[in-house]
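Novice: Got a predicted model here, sequence first, then my questions.
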Amino acid sequence: MCLLAQNKLSEFHTELELIPEEARQDVYVSFPVEVEQRLMEGSYSKVLGAQKSVPSAHYSTFMRMLVATVKERISEVSSKAYESTGEEGKVDSIHSLALFPLPPSPLSPI
């Protein structure tokens, strides 16, 4: 989980190859593997949702780190994807993709 949280995917794969196949079925091993698969798919909402199903409280620290990494990754990708849009559209899109709530507009009714 630590390697995933630090976005060190190649090191994660190297370590995973050292684990015997039958041990990969263990929930403590399969959980990080499933999270990594979601990262590779770009299913960031599923990665963020995995916080609710950690197999042990010890994973929570790494999941918090991973959430920060995922949000940073979303932000980087979004800013590249929306370079051609206007500033307001860019901000709205980044906030919605990164699951950051937008503050209320000062002009909107309460």
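Specialist: Looks like it came in fine. Everything numeric here is computed off the predicted structure, so don't read it as measured data.
Novice: can you tell me which helix in this structure is longest?
Specialist: helix 59-81 (DSSP state H).
Novice: center of the chain, which residue is that?
Specialist: Nearest to the centroid of the C-alpha atoms of the chain, with distances taken as CA atoms, centre = their mean, sits V70, at 3.2 Å.
Novice: What's the separation between that residue and L39?
Specialist: Here the criterion is CB to CB, to the nearest Å. By it, V70 lies 8 Å from L39. No exception for glycine: its C-beta is placed from N, CA and C like everyone else's.
Novice: Now do the shared contacts for those two.
Specialist: Counting by CB atoms under 8 Å, 6 or more residues apart in numbering, the residues touching both V70 and L39 are V47.
Novice: For this protein, which helix or strand comes out least confident on mean pLDDT?
Specialist: helix 87-97 (a mean of 52; mean pLDDT, DSSP states H and E).
Novice: just to revisit the earlier point, let me know the pLDDT of the residue nearest to the centre of the chain.
Specialist: For V70, the pLDDT comes out at 86.
Novice: I'd like to know which elements the longest helix of the chain is packed against.
Specialist: Under the contact definition 3 or more CB pairs under 8 Å, 6 or more residues apart in numbering; DSSP states H and E, helix 59-81 sits against helix 2-5, helix 27-41, helix 44-49, helix 87-97.
Novice: Now do that helix and helix 27-41, the angle between them.
Specialist: Put simply, helix 59-81 runs at 10 degrees to helix 27-41, going by axes from the mean of the first three to the mean of the last three CA atoms, to 10 degrees.
Novice: Can you point out the buried residues in helix 59-81?
Specialist: Buried positions in helix 59-81, judged by neighbour count with 16 or more other CB atoms under 10 Å: Y59, F62, M63, M65, L66, V67, T69, V70, K71, R73, I74, S78.
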